[in-house]
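>>> Below are the sequence and a predicted model; questions follow.
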Amino acid sequence: NSENKEYYQIDHSVFGGTLMYLANEVYGTPMTPISLATVTDMIQDIPLTAGWTWFSTNIDLDPNTINDVLVSLNPAEDDFIKNQDAYAQYFADEWVGTLGVIRNSSMYKINLAEAQILEIIGELKDPELYSISYNTGWNWISYIPHISMSVNQAMSERTNTTGDFIKNQSGYAFYVDAFTGWIGSLRFMNPGEGFMLYSSATGSFNYPGYQIRYDDDYPEYEPIVLRDAPVWSVNPQSYEYTASVTAEIQINGNPTASGNYMLGAFAGEECRGSVTPINVGGTWMYFLTVFSNTQNEEIEFRIYDEDADEILNPSNSFTFNNDLVMGSPSNPYSVNILGTLSTPQNVTIQIAAGEVQISWDLVTSADSYKVFASDDPYGTFIDISNSGTFDNNRWTAAATEERRFYYVKASTEPTGRSAGKQGFSDKNRIERRQ
């Protein structure tokens with residue numbers, strides 16, 4: 001079955017034993033075809049990448065000790081596996097640690113030095129007969145059906161509550177309400193994958209049976225496809241931890257009317273996640289999974305504006321923590337682009353007691369101001385902001401030259417922050433003569 005990478009073993013007793021190959025032999029006819037019956041045991045192949053993989057199995061495990069279940073692997077020393085409560089490492093030709101058995105109810109995170117295929121043999125679990133229990137908060141859960149289903153279909157037998165949350169290694173979804181269902185970057189659940197469910201209550205549920213595959217009636221949410229977006233790529237298998245950021249992009253505090261943007265998360269120059277938006281009820285939302293191996297890492301945002309074909313640097317940043325959930329469909333996190341600020345107006349200059357004092361009207365949305373000066377109105381102006389002191393919309397410094405030209409710019413850069421994220425207004429130039 002190519003859909004779920006499961007293999008059915010043939011019951012050769014139907015033929016009185018294994019069929020032997022004979023040249024030019026014909027077995028069966030269109031009127032009397034040979035019936036291929038399967039035995040109860042199945043083979044499930046689960047691809048495990050180099051690095052981290054989240055996985056689960058729908059095969060009834062007997063025996064279920066960790067060394068029996070993972071016997072098909074060829075691990076390296078210190079390869080690592082964990083579930084929500086325990087872990088094991090590969091040492092001296094066996095898995096050792098607090099994780100002693102593999103269960104169908106749990107998902108597992110495994111970290112391997114080399115990519116391999118985990119082959120598990122046994123009987124398929126019946127999803128309608130096997131319950132998944134969960135507690136309030138985070139739960140590492142498996143996926144029992146042996147076909148892919150939409151999140152809405154797979155979770156249809158569960159009592160879902162607004163704000164419930166599910167994620168796999170690369171995406172996530174929120175449950176909104178009975179009409180909207182589950183929305184986010186996670187749209188389908190597949191055999192062999194592992195999931196983390198955040199629940200507001202304790203309970204249990206069964207997945208639907210594989211024969212009940214249907215088209216659900218929930219709205220379809222398709223992410224925008226940009227034509228010439230930059231390549232902001234990340235390898236999820238390189239990272240142990242994930243955070244989930246549900247965001248909207250704003251310009252000067254107003255949500256964008258267009259979805260022609262891409263939102264990226266960066267640690268320095270290293271991309272840690274990127275996504276294009278989904279239109280949810282008229283709002284362009286970004287369901288961004290952010291990856292890291294380090295707690296308390298500073299993550300900054302970048303935005304690609306397709307219409308302007310430019311990369312923007314909003315001032316937002318956040319501190320990464322594993323399993324952080326920031327924003328929701330009902331209350332998205334705002335990533336704000338500050339557009340061009342107004343030019344400072346009514347700029348005046350006064351000279352008294354050996355000091356020059358420049359003042360101007362406050363500019364809406366400005367976080368700070370910059371003062372530039374030159375001895376030549378057509379020459380190079382340099383930033384002299386630090387040579388004086390600011391008092392809100394007034395700047396004072398020593399008057400040391402007979403004749404000097406100044407201009408003032410409004411900035412989105414908060415006072416005391418490093419350069420590189422500010423936007424400026426146009427300049428308003430004045431001249432001082434002693």
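Thanks, I have it.

>>> all helices for the stretch 51-200 of the chain, in order.
66-69, 151-154 (DSSP state H, counting those that start in this stretch).

>>> Strands of the stretch 301-434 of the chain, start to end?
310-312, 317-319, 325-326, 333-337, 348-352, 355-359, 368-374, 382-383, 389-390, 394-398, 403-411, 428-433 (DSSP state E, counting those that start in this stretch).

>>> which parts of the fourth one are buried?
Right, the one you point to is strand 333-337. Using 16 or more other CB atoms under 10 Å as the test for burial, strand 333-337 gives 333, 335-337. Heads up, the C-betas are built off the backbone N, CA and C, glycines and all.

>>> just the longest one next, same as before
Residues of strand 403-411 classed as buried: 404-411 (neighbour count, 16+ other CB under 10 Å).

>>> which stretches of the stretch 1-150 of the chain have low pLDDT?
Scanning the stretch 1-150 of the chain for pLDDT under 70 picks out 1-9, 11-19, 39-40.

>>> still on that earlier bit, and which of the buried residues of strand 403-411 is nearest to residue 364?
residue 410 (8.9 Å; CB to CB).

>>> before we move on, back to that, and the strands of the stretch 301-434 of the chain as CSV, adding mean pLDDT and distance to residue 76?
What follows is those, written out as CSV (pLDDT from 0 to 100; distance: least, CB to CB, whole Å):
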stretch, mean pLDDT, distance to residue 76
strand 310-312, 88, 39
strand 317-319, 93, 33
strand 325-326, 96, 34
strand 333-337, 91, 40
strand 348-352, 90, 71
strand 355-359, 94, 66
strand 368-374, 90, 53
strand 382-383, 89, 55
strand 389-390, 94, 59
strand 394-398, 94, 63
strand 403-411, 87, 53
strand 428-433, 54, 65
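
>>> Identify whichever of these lies nearest to residue 154.
Judging the strands of the stretch 301-434 of the chain by CB to CB, what sits closest to residue 154 is strand 325-326, at 20.3 Å.

>>> what's next to the closest one, contact-wise?
For strand 325-326, contacts defined as CB atoms under 8 Å, 6 or more residues apart in numbering pick out 165, 198, 243-247, 318, 333.

>>> Name the secondary structure element that contains the residue positioned nearest the centre of the chain.
Taking CA atoms, centre = their mean, the centroid of the chain lies closest to residue 289, which sits 0.7 Å from it. Assigned by DSSP states H and E, residue 289 belongs to strand 283-292.

>>> what's the angle from that strand to strand 333-337?
Angle, strand 283-292 to strand 333-337, by axes from the mean of the first three to the mean of the last three CA atoms, to 10 degrees: 100 degrees.

>>> Parallel or antiparallel, list what pairs with strand 283-292.
strand 241-251 (antiparallel), strand 278-280 (antiparallel) (DSSP bridges).
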